[in-house]
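Q: How does the following fold in three dimensions:
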Amino acid sequence: MKVQVITTYYKETYLAPLFMEHYESWVDEVTLLTTRWEGDKLDDGAKVELINTAILRSTANWVIVVDFDEYIFPKGGANPRTTLERESGDIMMCEMLRVWRHMSDQDVDRMKPPLLQRRHGGPDHVKPCIFRPGAVRLDIGNHSANFPTEYKWGKPWSAVHWANADPEFGIERTHRDRQTRLSENNYKHSWGMIPEWLDPNYLRDLYAKHMDDPIVI
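A: Down below sits the predicted model:
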């Protein structure tokens, strides 16, 4: 069985060790999609086409499409590879939890697996992160997809979204490396836009409000 992760990479120096710590023990191949966008502005339409092309070319048994701040895992703490080997379905949805720095949390250790370092937060969204490759086309943001009619649903997985796991890198990543580099096409379609997050002070207040979130992992 071959398991492949497909993800896009842009200035993810902070998250890179955490990403590999999470996936390297059970994934066979990691495909990083990088490109120099025109004017250094991100176009989500072009981005999803790169992802869909990589899916079509995949020779893996299972493809996992995630952002660099998303870490998926089977429910109940089961072994990921064993879970995939036993799976009879073709598509698994991942129930994403957004985690924040709790008042009791220590600084992130980038050389250790991320899951238990940030355990507080709440439900975020659900997306089809795991599927068998083939004639699959993801939509903008990878939150929905068109699958072959014969594909069957498998058992859902869990996942954590680390975009806000720590204000030290979260504010910089959101303000400098994300919102300010959206293309005109993104603005035209309102792709990837959270206008209030352009204000670092708004973000600092938001992090403070989540310092006592409940345990979700």
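Q: longest strand anywhere in the protein?
A: Across the chain, the strand with the greatest residue count (assigned by DSSP state E) is strand 120-131.
Q: Mean confidence (pLDDT) on the helix or strand following that strand, please.
A: Downstream of strand 120-131, the first helix or strand assigned by DSSP states H and E is strand 137-138. Over the span of strand 137-138, the pLDDT mean works out to 94.
Q: Just name whatever secondary elements the least confident helix or strand in the chain by mean pLDDT is in contact with.
A: Every helix and strand of the chain was ranked by mean pLDDT, DSSP states H and E. The lowest is helix 184-189, at a mean of 73. With contacts defined as 3 or more C-beta pairs under 8 Å, 6 or more residues apart in numbering; DSSP states H and E, helix 184-189 has these neighbours: helix 44-57. From N, CA and C alone the C-beta is placed, and that goes for glycine too.
Q: relative orientation of the helix it packs on and strand 120-131 in degrees?
A: Counting by axes from the mean of the first three to the mean of the last three C-alpha atoms, to 10 degrees, helix 44-57 lies at 50 degrees to strand 120-131.
Q: Can you give the contact residues for helix 44-57?
A: 6, 8, 31, 33, 35, 37, 63, 65, 133-142, 185-186, 189, 191-192 (C-beta atoms under 8 Å, 6 or more residues apart in numbering).
Q: same thing but at 6 Å, please
A: By C-beta atoms under 6 Å, 6 or more residues apart in numbering, the residues outside helix 44-57 that reach it are 6, 31, 33, 63, 133, 136-138, 140, 185-186, 191-192.
Q: Helices along this structure, start to end?
A: 16-23, 44-57, 80-86, 167-175, 184-189, 200-209 (DSSP state H).
Q: Check which residues of the fifth one are buried.
A: Of the residues in helix 184-189, those buried under the neighbour-count criterion (16 or more other C-beta atoms under 10 Å) are Asn186.
Q: Buried ones in the longest strand of the chain, by neighbour count?
A: 120-121, 124, 127-131.
Q: Going by neighbour count, which of the contacts of helix 44-57 comes out on top?
A: Ile6 (25 neighbours; other C-beta atoms under 10 Å).
Q: Thank you kindly, that will do.
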